[in-house]
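[1] no sequence for this one, just the structure:
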């Protein structure tokens, strides 16, 4: 939330992780990152976490200047994790 981000920024972090998963409903939305990103100073490394399933998701986040992504479930659901990593990286 914006309030949690304000609290985190008050300690002068070098890195912020934005969890795209609503921990009450467990639904994910990349819009969480996009909404909070404008409040994060450019010198703070930003990691978008959860709900990243495709190369298109990564491209949208990259275009918005997100520095890194945390991908878990999208990989854990795969029988061929290497193929999914190549897909996400755009190097099939």
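    Structure received. A quick note: this is a predicted structure, and the numbers were derived from the prediction, not measured.
[2] Skipping adjacent residues, who's closest to residue 66 in space?
    Once flanking residues are discounted, residue 66 sits nearest to residue 48: 4.9 Å by C-beta to C-beta, 6 or more residues apart in numbering. (Each C-beta comes from the backbone N, C-alpha and C, glycine too.)
[3] what about that neighbour, which SS state?
    strand (DSSP: H, G, I helix; E, B strand; the rest coil).
[4] again with residue 16
    Under three-state DSSP, residue 16 comes out as strand.
[5] buried set for the helix or strand of the chain with the lowest mean pLDDT?
    Counting by mean pLDDT, DSSP states H and E, the chain has its least confident helix or strand at helix 73-76, which shows a mean of 92. Applying a neighbour-count criterion of 16 or more other C-beta atoms under 10 Å, the buried positions in helix 73-76 are residue 74.
[6] just how off-centre is that helix within its chain?
    14 Å (C-alpha atoms, centre = their mean, to the nearest Å).
[7] One more: stretch 24-42?
    For stretch 24-42, the distance to the chain centre is 8 Å (C-alpha atoms, centre = their mean).
[8] just checking, residue 61 touches residue 46?
    No - with contact defined as C-beta atoms under 8 Å, residue 61 does not reach residue 46; the gap is 9.1 Å.
[9] shared neighbours, these two?
    Counting by C-beta atoms under 8 Å, 6 or more residues apart in numbering, the contacts common to residue 61 and residue 46 are residue 33.
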